[in-house]
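*Asks:* Based on what follows, work out the 3D shape:
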Amino acid sequence: MERREFLAASSLTGAAAWAAWSGEASAEELQRELYELRIYEMPGGSRKNLLQDYLSKAAIPAWNRLGVKPVGAFNVVLGANSQELFLLLPFPSLEAFLTAPTKMAADADYQKAAAEYLGVPIENPSFLRYQSSLLLAFQQVPRLRLPAQTAENKPRIFELRTYESHSEKAALKKIEMFNEGGEIGIFDRVGLKAVFFGQRLIGPRQPNLVYLTVHDDMAGRDKTWDVFRNDPEWKKLSADPAYANTVSASTIVFLRPASFSQI
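*Replies:* Below is the predicted model of the structure:
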């Protein structure tokens with residue numbers, strides 16, 4: 001098997017990242033963003049304010065200076081622990097992702113703004129733990145789409161969906177359904193406004209894909225999903241045996257933007 005064919009057939013956990021790093025990725029692949037999705041487990045009481053102040057006044061400005069923008073910060077409405085804070089970081093490249101910690105450590109403005117957060121004692125932490133995933137943007141949506149509601153500073157609710165598959169082959173087939181099969185096109189046509197679609201390269205419950213949609217409110221969300229489910233083109237696509245049994249489990253979390261979110 002040729003090396004390029006091997007990479008194409010490899011599992012979700014490393015092929016895309018390796019292709020970019022080794023120089024074998026196409027120009028199109030190199031233009032696809034990488035997303036770090038963090039989930040912070042916050043302590044109760046006023047301690048969570050320290051984390052939020054750190055993110056809003058130190059970390060997000062520093063990430064922005066590195067070209068990581070817009071950064072999304074979200075509080076849980078339903079579907080996950082209400083003490084969790086979701087953070088979405090869009091990196092323009094693998095190099096940007098790999099070098100960000102070193103560059104932030106050398107950023108004097110960041111170090112000054114983050115001093116209280118970085119110096120917390122072990123008995124009184126600003127967060128309990130956080131988990132992190134690395135996602136690769138889909139071919140059809142290579143870059144994050146900033147919602148119109150964000151630009152207009154309007155109320156909005158986000159829906160984060162994770163689709164798990166029983167095998168790497170099935171997971172890649174579901175991604176194909178979105179990209180080549182036309183599912184993303186149906187989303188766009190019926191008004192299901194997606195912020196991003198990502199193939200999880202590193203993170204829990206592999207293999208899976210993740211995407212985020214935005215809605216004005218829950219009533220609007222329910223109405224749009226009803227339109228999607230009843231769309232003739234979707235009914236035809238979902239009945240295609242080529243895409244049968246590609247999703248074995250799904251998770252939905254509803255989120256609202258934090259006051260300092262840029263999405």
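*Asks:* switch to C-alpha atoms for all contacts and neighbour counts from now on
*Replies:* OK.
*Asks:* next one: stretch 104-115 to chain centre, how far?
*Replies:* Distance, stretch centre to chain centre, for stretch 104-115: 25 Å (C-alpha atoms, centre = their mean, to the nearest Å).
*Asks:* what about that stretch, average pLDDT?
*Replies:* Stretch 104-115 shows a mean pLDDT of 98.
*Asks:* Keeping just the C-alphas, turn it into PDB.
*Replies:* The C-alpha coordinates for stretch 104-115 follow below in PDB (Å, rounded to 0.1, in the frame of the first residue of the first chain):
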ATOM      1  CA  MET A 104       1.800  32.500  25.800                       C
ATOM      2  CA  ALA A 105       4.400  31.600  28.400                       C
ATOM      3  CA  ALA A 106       6.600  34.200  26.700                       C
ATOM      4  CA  ASP A 107       3.900  36.800  26.400                       C
ATOM      5  CA  ALA A 108       4.500  39.500  29.100                       C
ATOM      6  CA  ASP A 109       1.000  41.000  28.800                       C
ATOM      7  CA  TYR A 110      -0.500  37.600  29.300                       C
ATOM      8  CA  GLN A 111       1.700  36.700  32.300                       C
ATOM      9  CA  LYS A 112       0.800  39.900  34.000                       C
ATOM     10  CA  ALA A 113      -2.900  39.600  33.400                       C
ATOM     11  CA  ALA A 114      -2.900  35.900  34.400                       C
ATOM     12  CA  ALA A 115      -0.800  36.300  37.500                       C
END
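*Asks:* Residues contacting that stretch, please?
*Replies:* Tyr54, Lys57, Ala58, Ala59, Pro61, Ala62, Trp63 (C-alpha atoms under 8 Å, 6 or more residues apart in numbering).
*Asks:* got those residues as a markdown table, with distance to Asp217, secondary structure and pLDDT columns?
*Replies:* Listed next are the contacts of stretch 104-115 as a markdown table, based on distance: C-alpha to C-alpha, whole Å; DSSP: H, G, I helix; E, B strand; the rest coil; pLDDT from 0 to 100:
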| residue | distance to Asp217 | secondary structure | pLDDT |
| --- | --- | --- | --- |
| Tyr54 | 29 | helix | 97 |
| Lys57 | 29 | helix | 98 |
| Ala58 | 31 | helix | 98 |
| Ala59 | 29 | helix | 98 |
| Pro61 | 29 | helix | 98 |
| Ala62 | 32 | helix | 98 |
| Trp63 | 29 | helix | 98 |
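*Asks:* Do a quick rundown of the helices in the protein.
*Replies:* Applying DSSP state H to the chain gives helices spanning 3-9, 15-22, 27-30, 47-54, 60-65, 94-105, 108-113, 115-118, 148-151, 168-179, 183-190, 218-229, 232-238.
*Asks:* Redo those helices as a markdown table? Include mean neighbour count and distance to Leu87.
*Replies:* Converted to a markdown table, the helices of the chain look like this (neighbours: other C-alpha atoms under 10 Å; distance: least, C-alpha to C-alpha, whole Å):
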| stretch | mean neighbour count | distance to Leu87 |
| --- | --- | --- |
| helix 3-9 | 12 | 30 |
| helix 15-22 | 16 | 21 |
| helix 27-30 | 14 | 23 |
| helix 47-54 | 18 | 11 |
| helix 60-65 | 18 | 10 |
| helix 94-105 | 14 | 15 |
| helix 108-113 | 15 | 18 |
| helix 115-118 | 15 | 17 |
| helix 148-151 | 13 | 16 |
| helix 168-179 | 20 | 23 |
| helix 183-190 | 16 | 24 |
| helix 218-229 | 14 | 21 |
| helix 232-238 | 14 | 31 |
